[in-house]
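J.: No letters, just coordinates:
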């Protein structure tokens with residue numbers, strides 16, 4: 001599959017009557033394509049994928065989910081947003097190779113970070129060598145596998161939310177106000193839920209929803225440990241909403257997972273969007289979108305929060321300064 005074939009698969013949803021729009025832009029200015037199935041009124045949820053470059057199988061899964069939900073007129077009393085490919089720049093490198101990068105300096109920089117190899121089939125990061133799913137402000141830099149120097153995977157960035165793709169997904173989430181989010185990744189056939197310092201009530205809520213998703217897919221439900229800075233983590237930490245990471249594809253499959261595995265992956269995940277939407281409706285009374293985090297950024301409460309955040313970040317950076325490009329793993 002080429003990058004244009006992947007984008008063509010997403011764009012083909014217009015042929016059946018679905019409207020495509022942009023959830024934001026990548027570093028290189030590519031559109032982050034999205035669609036909506038169901039009603040714009042009522043409870044909304046958001047499903048995103050392709051945040052890791054080599055995991056474009058998640059984008060293909062979501063295309064099939066959106067298509068079948070729309071054709072069967074399955075979504076009522078709410079709606080589902082699909083953000084198909086959060087990291088288009090990275091996906092292009094994986095699918096089309098390093099020569100897809102037109103700038104020679106950038107190309108050489110990426111090859112250097114890839115240990116001199118021009119094989120980018122295992123690449124996870126964006127064009128800036130940042131692992132987007134470690135760049136969100138949710139205990140940023142606190143994960144056990146975090147890297148503090150530009151790398152093909154696990155680099156958290158030089159500061160939280162530094163990347164255009166992350167900013168785009170955050171802004172789109174704040175605009176659409178979903179009451180539940182799902183992030184599709186590969187591989188492992190597992191569902192992760194929960195986050196550090198989450199209230200016991202919300203952990204119980206998220207576990208109950210997660211058990212429904214686990215029952216539908218057959219994937220075990222696991223509480224997140226030693227992993228921070230992801231989109232799921234940000235949704236839980238900042239918005240206090242249920243959020244899940246679903247890893248599709250058997251753990252023994254090589255990266256990137258090929259399209260020949262899509263039928264089995266779709267079959268296990270075909271009911272996930274509707275189950276998630278119905279569970280979000282049930283728990284919607286517990287979701288408070290009047291929080292300052294979703295208000296206009298000129299709000300004085302947000303200004304106060306941001307001022308305190310910068311003080312904390314300065315302290316954090318000072319403590320970790322010696323680790324940059326040195327001993328990069330958090331032990």
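T.: Thanks, I have the structure now. As the structure is a computational prediction, the values presented were derived from the model and not from experiment.
J.: Let me see the contact set for the residue lying closest to residue 185 once chain neighbours are set aside.
T.: Nearest residue to residue 185, sequence neighbours excluded (C-beta to C-beta, 6 or more residues apart in numbering): residue 247, at 5.0 Å. C-beta: built from backbone N, CA, C; applies to glycine. Residue 247 makes contacts with 185-192, 219, as judged by C-beta atoms under 8 Å, 6 or more residues apart in numbering.
J.: next one: residue 143
T.: Contacts of residue 143 (C-beta under 8 Å, 6+ apart): 134, 156, 226-229, 330.
J.: quick one: it and residue 225, what's the gap?
T.: 10 Å (C-beta to C-beta, to the nearest Å).
J.: now residue 51
T.: 20 Å.
J.: more neighbours, those two?
T.: residue 51 (29 against 11; other C-beta atoms under 10 Å).
J.: you'd agree that one is up against residue 87?
T.: Yes - counting by C-beta atoms under 8 Å, residue 51 touches residue 87, with 5.3 Å between them.
J.: can you list residues touching both of those two?
T.: Shared contacts of residue 51 and residue 87, counting by C-beta under 8 Å, 6+ apart, come down to 132, 165.
J.: one step back: in TSV: the contacts of residue 247, plus secondary structure and distance to residue 175.
T.: Output for the contacts of residue 247, formatted as TSV (DSSP: H, G, I helix; E, B strand; the rest coil; distance: C-beta to C-beta, whole Å):
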residue	secondary structure	distance to residue 175
185	strand	24
186	coil	27
187	coil	31
188	coil	31
189	coil	32
190	strand	30
191	strand	26
192	strand	25
219	coil	30
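J.: Among these, which one lies nearest to residue 164?
T.: Closest approach between the contacts of residue 247 and residue 164, by C-beta to C-beta: residue 185, at 20.4 Å.
J.: Could you tell me which residues make contact with the closest one?
T.: Residue 185 neighbours (C-beta under 8 Å, 6+ apart): 49, 51-52, 55, 58, 133, 245-248.
J.: give me that answer again for 6 Å
T.: Residues near residue 185 by C-beta atoms under 6 Å, 6 or more residues apart in numbering: 55, 245, 247.
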